[in-house]
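Chemist: predicted model and sequence below, questions to follow.
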Amino acid sequence: MKIAIIGAGNMGGAIARGLATGTLVRAEDLTVTAHTQATLDRLSADVPSLHTTLSNLEACRDASMVLLCIKPWLVQSVLEEIYPAIHASNPLLISVAAGITFDQLNTFLAGDQRPMVRIIPNTAISIKQSPTLICFNNQVEEAQKAFVKALFDELGSAIVIDEAHMAAGTAVTSCGIAYALQYIKAAIQGAIELGFYPQVAKQMIDQTVLGAVNLLEQNGTMPDTEIYKVCTPGGITIKGLNEMTREGFDNAVIQGLKKAAGK
Ligand SMILES: NC(=O)c1ccc[n+]([C@@H]2O[C@H](COP(=O)([O-])OP(=O)(O)OC[C@H]3O[C@@H](n4cnc5c(N)ncnc54)[C@H](OP(=O)(O)O)[C@@H]3O)[C@@H](O)[C@H]2O)c1
């Protein structure tokens with residue numbers, strides 16, 4: 001299956017590198033574009049067997065799947081540019097552009113109804129550890145849905161939701177990686193105040209967070225279950241937890257997510 005990736009930045013570049021080293025697509029079947037040759041040269045240096053071109057139209061000819069990995073404000077002009085190829089071969093169109101709806105994509109395509117997918121990864125896609133939110137429009141066939149989900153499962157974990165939840169999901173996962181990192185940053189600062197050097201503090205917090213996530217995954221538990229295992233009645237953990245809640249930790253996270261989701 002020939003796949004065109006339009007835009008080779010943080011998202012497009014990481015998706016290209018990830019798919020090229022995965023099991024479902026051959027690197028030779030990927031054609032990647034960018035605005036500048038320098039970006040394509042960097043990509044080719046990493047994965048020489050990828051095809052690259054500065055021509056979006058050329059990349060889309062014969063493609064069964066086209067991934068739009070350009071900034072949201074470029075989606076309309078790029079779709080107009082590649083329209084002849086899309087009109088001729090009817091590829092599955094996958095948009096990574098945050099906030100651009102199916103309705104807008106349809107409008108940019110002169111009202112054509114065609115199979116389309118919206119995806120939202122986060123930056124951990126560069127290490128194949130991204131949650132990728134996926135929603136499909138009504139024209140996408142079941143086999144196409146399964147293939148797209150499998151592609152992004154290889155780059156972390158694919159989560160299919162409906163379009164109405166994409167903005168909220170973007171806040172939770174795509175913005176959410178920054179919130180998770182903010183916890184790590186704050187914990188490092190606390191550990192430094194308690195007398196640890198920054199690198200030692202970082203090592204302690206990184207492994208603590210990694211272990212917490214792996215516990216949830218491997219035990220199939222919710223956080224409360226693992227939290228209460230640590231809370232001796234009258235002990236220090238519950239004192240720390242309750243102080244964090246009093247200081248607004250839970251509420252700050254909830255309100256931050258709602259703000260990012262536009263609620
Ligand atoms: N970053 C995130 O965490 C994240 C998460 C979810 C969704 N998204 C979405 O992903 C999309 C891409 O974001 P990004 O962070 O990957 O941006 P980025 O790093 O700036 O990459 C954009 C890429 O588009 C290329 N480009 C610009 N104009 C082009 C054109 N006319 N034709 C072909 N390629 C062109 C650029 O080429 P040059 O490198 O040569 O300039 C660059 O490689 C956005 O729509 C964003 O909403 C991003």
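Modeler: It's in. Numbering: from 1, shown residues only.
Chemist: rest of the way, CA atoms for contacts and neighbours
Modeler: Noted.
Chemist: got the contact list for Arg118?
Modeler: Residues counted as contacts of Arg118 (C-alpha atoms under 8 Å, 6 or more residues apart in numbering) are 94-97, 101-102, 134-136.
Chemist: A helix includes it, no?
Modeler: No: assigned with DSSP: H, G, I helix; E, B strand; the rest coil, Arg118 falls outside any helix and is strand.
Chemist: identify the bridge partners of it.
Modeler: Beta-bridge partners recorded for Arg118 (DSSP bridges): Ser95, Cys135.
Chemist: show the pLDDT at it.
Modeler: For Arg118, the model assigns a pLDDT of 98.
Chemist: check the one 3 residues further on too.
Modeler: At Pro121, the predicted lDDT confidence score is 98.
Chemist: same deal with Gly111?
Modeler: At Gly111, the pLDDT value in this model is 83.
Chemist: gap between it and the ligand?
Modeler: From Gly111 across to the ligand, the span is 21 Å (C-alpha to the nearest ligand atom, to the nearest Å).
Chemist: that residue should be in a strand, yeah?
Modeler: No: secondary structure of Gly111 (three-state DSSP): coil, not part of a strand.
Chemist: next, count neighbours for Gln255.
Modeler: Gln255: 12 surrounding residues under other C-alpha atoms under 10 Å.
Chemist: now the one helix or strand it maps to: average pLDDT?
Modeler: In the assignment (DSSP states H and E), Gln255 maps to helix 249-260. Helix 249-260 shows a mean pLDDT of 98.
Chemist: ok, the residue of the stretch 51-200 of the chain found nearest the ligand - contacts?
Modeler: Nearest residue of the stretch 51-200 of the chain to the ligand, counting by C-alpha to the nearest ligand atom: Ala97, 3.2 Å away. Taking C-alpha under 8 Å, 6+ apart as the contact definition, Ala97 lies against 68-72, 75, 118-120.
Chemist: against the ligand, how distant is His35?
Modeler: His35 is 4 Å from the ligand, by C-alpha to the nearest ligand atom.
Chemist: what is the burial count for that residue?
Modeler: When neighbours are counted by other C-alpha under 10 Å, His35 comes out with 16.
Chemist: check the contact between it and Asn56; I expect there is one.
Modeler: No: with contact defined as C-alpha atoms under 8 Å, His35 does not reach Asn56; the gap is 9.5 Å.
Chemist: which positions in the chain make contact with the ligand?
Modeler: 6-12, 33-36, 39, 69-72, 96-98, 120-123, 174 (C-alpha under 6 Å from any ligand atom).
Chemist: can you list the buried residues in stretch 176-187?
Modeler: By neighbour count with 16 or more other C-alpha atoms under 10 Å, stretch 176-187 contains the buried residues 176-177, 179, 184-185, 187.
Chemist: then it to PDB, C-alphas only?
Modeler: What follows is stretch 176-187, C-alpha atoms only, in PDB (Å, rounded to 0.1, in the frame of the first residue of the first chain):
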ATOM      1  CA  GLY A 176      -1.700  15.900  28.600                       C
ATOM      2  CA  ILE A 177       1.900  14.900  28.000                       C
ATOM      3  CA  ALA A 178       2.900  18.400  29.100                       C
ATOM      4  CA  TYR A 179       0.800  18.100  32.300                       C
ATOM      5  CA  ALA A 180       2.400  14.700  33.100                       C
ATOM      6  CA  LEU A 181       5.800  16.300  32.600                       C
ATOM      7  CA  GLN A 182       4.800  19.300  34.800                       C
ATOM      8  CA  TYR A 183       4.100  16.800  37.700                       C
ATOM      9  CA  ILE A 184       7.600  15.300  37.100                       C
ATOM     10  CA  LYS A 185       9.100  18.800  37.100                       C
ATOM     11  CA  ALA A 186       7.400  19.800  40.400                       C
ATOM     12  CA  ALA A 187       8.400  16.600  42.000                       C
END
